[in-house]
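*Asks:* Need coordinates for the following:
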Amino acid sequence: MGAKFTIPGMTPEQGRTVADLLQKQLSTYNDLHLTLKHIHWNVVGPNFIGVHEMIDPQVELVRGFADDVAERIAALGASPQGTPGAILKDRTWDDYSLGRDTVQAHLAALDLVYDGVVADVRTAIAETEEPDPVTQDMLIGQAAALEKFQWFVRAHLENASGVLQSDEANEGSSTEQDAAGAAR
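*Replies:* This is a model prediction of the structure:
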């Protein structure tokens, strides 16, 4: 049974609504940090070490985002669910599908992952404006860091003319495999 309280100044219904929205965000962050670690372990090729070392700070920050979101859910009077089952229940995306592969393949696929994560966070930002500007502020800060990480990824995918090759590679790509194949 859930708690019978929420943040002062919010109705219990608003608290439940925001907590439900944040639960989906928690599952997204838990999935993302596991995906990032998977990439860290499986990336190969000439630029391996740079990408390998670039990924770990992303993992740590996204794990921190998950913790912040889980604690906000608890403050709203709900129970955060951080189990693998919760990730699967909340998932509206396919599991990351690349194993051992090249830097370019993984980064093109990761760019596609970040497209979805950033879009979802921006949607959550819009949905929390009215009921909970404190949660919105937290999500805005997280979005800024995620967008910065995507920029790091894209810097590896940009050619000398400034063209983001992943845009060409990812155009029409709906899966990581498609994006990776186009980048190879």
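
*Asks:* sec struct for the residue nearest the centre of the chain, please.
*Replies:* The chain has residue 117 as the residue nearest its centroid, 4.1 Å off, counting by C-alpha atoms, centre = their mean. Look at residue 117: counting by DSSP: H, G, I helix; E, B strand; the rest coil, its state is helix.

*Asks:* Please name the residues that touch the closest residue to residue 105 other than its chain neighbours.
*Replies:* Spatial nearest neighbour of residue 105, excluding adjacent residues (C-beta to C-beta, 6 or more residues apart in numbering): residue 180 at 3.7 Å. Where C-beta positions appear, they are placed from N, C-alpha and C, glycine not excepted. Residues near residue 180 by C-beta atoms under 8 Å, 6 or more residues apart in numbering: 98, 101, 105, 106, 108, 109.

*Asks:* From those residues, which land in strands?
*Replies:* If you go by DSSP state E, the contacts of residue 180 have residue 101 in strands.

*Asks:* On the three-state scheme, residue 93 is what?
*Replies:* Classification of residue 93 using three-state DSSP returns coil.

*Asks:* May I have the phi/psi pair for residue 45?
*Replies:* Main-chain torsions, residue 45, degrees, to the nearest 10: phi 120, psi -180.

*Asks:* What's the separation between it and residue 59?
*Replies:* 20 Å (C-beta to C-beta, to the nearest Å).

*Asks:* Please apply the same query to residue 8.
*Replies:* Residue 8 is 35 Å from residue 59, by C-beta to C-beta.

*Asks:* and these two? which has more neighbours close in?
*Replies:* Each of residue 8 and residue 59 has its neighbours counted (other C-beta atoms under 10 Å); residue 59 has more, 18 against 5.

*Asks:* Give me the spatial nearest neighbour of that one, chain neighbours excluded.
*Replies:* Residue 59's closest residue in space is residue 36 (C-beta to C-beta, 6+ apart), at 4.7 Å.

*Asks:* ditto for residue 114
*Replies:* residue 150 (4.0 Å).

*Asks:* Tell me if I am right that the one you found is in a helix.
*Replies:* Yes. Under three-state DSSP, residue 150 falls within a helix.
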